[in-house]
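Fold the following and give me the result.
(2 chains)
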Amino acid sequence: MSLDLTNLSVSTATGPLFAPLSLHVPPGQVATVMGPSGVGKSTLLDAVGGHLAHGFRLQGAVTLNGRDVTNLPAEARRIGLMFQDALMFPHLSVGDNLAFGLPFQLKGRVARHDAVQQALEQAGLSGLYTRDPATLSGGQRARAVLMRTLLAEPLAVLLDEPFAKLNAGLKDEIRAFTFDHIRRRGIPALLVTHDIEDAEAAGGSVVGLQSLI
Amino acid sequence: MRVAVAGVVALGLVAPIALGLWQTLLAAFGILPALGQSTLSLDPWRRLVSLPGFGTSLGLTLVTGLGATLVSLALAVGFCASVHGRLRPGYAARLLTPFLAVPHAAMAVGLAFVMAPSGWIARLLAPFQGWTQPPDLATVHDGRGVALMIGLMVKEVPFLLLVILSAQSQIPVARQMAAGRALGYGRGLVWIKIIMPQIWPLIRLPVWVVLTYALSTVDMAIILGPSNPPTLAVAVMRWFANPDPTLILPASAGALLQAILVALSIAAFWAGEHALRPIGLWWIRRGGRGLSAGPGLWLASAMALLLMAGGAFAILSLAFWSLTWRWSFPRLWPERWSWQAWTDPFGLWSAALANTLILATLTTALSLILAIGWLEGEDRGRPTLANLRPVWAEALIYLPLLVPQIGFLYGLNVAFLHPGMTGGIASVVWVQSLFVFPYVMITLSDPWRAVDQRLIATAAALGAGPWRRLARVKLPVLLRPLLTAAAVGCAVSVAQYLPTLFIGAGRVATLTTEAVALSSGADRRVTGVYATLQAALPLAFYTLAFVIPAFVHRNRSDLAGAGT
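Sure, this is the predicted structure:
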């Protein structure tokens, strides 16, 4: 499994946001894109994941395991996405949030419930199936969101400054937990951040995004 | 999908209004094939002008419509300027909701009970005035339309307050207030000189809706307004209903005049806005700190509160009268209570209640589906279409609220008569939806567009396609605004008088049509029953819209506490 960006750039009506970017992310590696705020790091992730808002135009190609996904809708790309707020669906319990990520092909109420329970245990969240996500701590939310992302069996993962809002002690723990899971599953991941420690911990290639505006 | 919804809305919303106005226009210039009239002439206008009471009706309409709107606006602005910051938006919304929920007709019946010579106000004053009989004063149906203006204001002040409060949430009021006060300006003046000019563009359309309604209301004017001659809209309705069919031609001219009147008044408001700009700038540049403006603002707030107290007593008096057996004049309290008004004609009011509920359910469901389709289509739409959205869509949505009902409903009725479409529930549902859909859309669109787009992106990244995102994420997250929009829709449907009467051909009896019909002189206790039900129904819908999400989301603190 690998994620490849070929001459990827995004432009608005006023022109391209950043210089075209080419990047090869091998399986199990976390590549880091760095740049000052406002340069379009999140927009780059939107482009890779298929979440670009109307008014943005995409040039170049996104290739996943040799398959061009540039023109596929987000839900067909199988690219996971994690934000800095560790966003959970506010109307679903913690367990149902995770279940939302389970592939449709996994049939049977019991089998699906067990898969979620197992993931919760792996994340040290056992017993929290029915909890309101709003009552979780920052670290618990971050782990739950990673589990939800992984349950969907993504072919690649996008991380949008996922550790920025965590306090110092927690940051190292969650970072290790996240990268460890990604490496073990051999998923290519793309991280955007302006924290150099994130890039060092990720251990993959690091590229800078150059603003054109 | 967006194109399909736009097509349904254009055909369903714009076409009937255009068709109705066109038929009215033809009849106003002498063309009505059903009556064998097919020559273009100005006769209908000549006859309209010579009809007894025409001039007075015209004057009354302008005075009551423009007067009620301007005074309501002044009171609402004064109220906001003086209580700003002391009223939390969520709390204010809950306080104002009952006034918005109660239909105009029910409020008018209640106010008529309170203001009548034998009403609560006179009973309160009786000991001081030494009255043992109801005083011989025309306090309701007075020739100058004061009662009608009060009635309109009781309904419109809370509406404008809510509109201003929700517009306020889009502006950093607290910081601007601090900046203004640090420069030595009084609270109220900062609000009027700094905040209000920013709010006006956001409330302009709702103010126009109020203006349109005040100029062309029929139900409220029947219950509270002068009876002979009445306001133009009521006069036109009577001419349409007159046994002499040739009166339909001048009546159509009157209906068209009503539409022109509304258009000119809106134009006058628009012109007034532009004229006021240099005056306002001059006033701001003068730099008065307005520390002496306090009393005026407090007076406005006091009057706004007085109106709302009147409204509260009006609602209360509906229930009181429906349960009264004997209530002689100077007493503040009924002497004997009875359920008889409720139990006696049970069969009658239950049929009207059933009709009302059926219409409310069907129109609201239809409007809600259309609104969801519209907004979801917007989310999925192509950029070129999405760019068109704000101006056109908003104009389209507000259109039915900015054209006086009497101006196109009769014409629409004529157009419907051909294929034999009047008198059925289905056509009433459709015509009510013309007015329900805009309110549902207005209520739902802001919360819909405010949904965190990252939630939707997350769901897509987890493999959820557009339908699953809609059903499993958007709609559940929007449960509260969806139910609020449904409650608003039901309340609007319950309140519809003229559309139900005209397109239902008088055969679809609802609580509102019955309450208005009974208000002219029938037994107060029976009228009280219908008006109480009419007021209680929307209140019940709003209560459900509050209780259901609170229950469903009882363990979801991010959703349970989310305002209105």
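
what residue ranges in the stretch 1-150 of chain B score low on pLDDT?
B:1-3, B:85, B:89 (pLDDT under 70).

Low-confidence stretches in the chain?
By default, I'm working from chain A. A:213.

Hmm, no, I was thinking of chain B.
Residue ranges of chain B with pLDDT under 70: B:1-3, B:85, B:89, B:290-293, B:345-347, B:381-392, B:417-423, B:560-564.

What parts of it come near chain A?
Neighbours of chain A within chain B, by Cβ under 8 Å from any Cβ of the partner chain: B:381-383, B:386, B:452-455, B:457-466, B:469, B:472-473, B:476-477, B:479, B:553, B:555-559. The way it works is simple: take the backbone N, C-alpha and C, and place the C-beta from them, glycine included.

Next, count neighbours for residue 173.
Looking at chain A here, since you left the chain open. Residue crowding around A:Glu173 was assessed by other Cβ atoms under 10 Å in any protein chain shown; the count is 14.

please go with chain B instead
19.

try the one 4 residues further on
With neighbours defined by other Cβ under 10 Å, the count for B:Met177 comes to 18.

In contact with it, which residues?
B:84-85, B:187, B:190-191, B:194-195 (Cβ atoms under 8 Å, 6 or more residues apart in numbering or on different chains).

got a list of what the nearest residue to A:Ala19 once chain neighbours are set aside touches?
Spatial nearest neighbour of A:Ala19, chain neighbours left out: A:Gln210 (4.4 Å); criterion: Cβ to Cβ, 6 or more residues apart in numbering or on different chains. Going by Cβ under 8 Å, 6+ apart, A:Gln210 touches A:18-19, A:35, A:39.

How about the residues of chain A by chain B?
Counting by Cβ under 8 Å from any Cβ, chain A comes close to chain B at A:46, A:49-51, A:53-55, A:73-81, A:83, A:85, A:87, A:89-93, A:100-101, A:103-104, A:130, A:132-135, A:148-149, A:152, A:154, A:158.

ok, longest helix in chain B?
The helix that spans the most residues within chain B, counting by DSSP state H, is helix B:248-286.

after that one, next one along is what?
helix B:294-322 (DSSP states H and E).

Show the subsequent helix or strand relative to that following helix.
strand B:324-326.

What are the contacting residues of the helix or strand in which A:Gly60 is found?
Assigned by DSSP H and E, A:Gly60 falls within strand A:57-64. With contacts defined as Cβ under 8 Å, 6+ apart, strand A:57-64 is touched by A:1-12, A:16, A:20-22, A:47-48, A:52, A:68-70, A:77-79, A:155-156.

Same question for stretch B:134-153.
Here stretch B:134-153 makes contact (Cβ under 8 Å, 6+ apart) with B:60, B:63-64, B:67-69, B:71-72, B:75, B:104, B:107-108, B:111-112, B:115-119, B:121-122, B:129, B:213-214, B:217, B:220-221, B:223-227, B:231, B:307, B:310, B:329.

Pull out the buried members of the residues you listed.
B:60, B:63-64, B:67-69, B:71-72, B:75, B:104, B:107-108, B:111-112, B:115-119, B:122, B:213-214, B:217, B:220-221, B:223-226, B:231, B:307, B:310 (16 or more other Cβ atoms under 10 Å in any protein chain shown).

Which of those fall within helices?
Here DSSP H is the test, and the buried ones among the contacts of stretch B:134-153 give B:60, B:63-64, B:67-69, B:71-72, B:75, B:104, B:107-108, B:111-112, B:115, B:122, B:213-214, B:220-221, B:223-224, B:307, B:310 as lying in helices.

Name every strand pairing with the next helix or strand after the strand holding A:Gly60 and say which way it goes.
Using DSSP H and E, the helix or strand that follows strand A:57-64 in sequence is strand A:67-68. Paired strands of strand A:67-68, with direction, are strand A:57-64 (antiparallel) (DSSP bridges).
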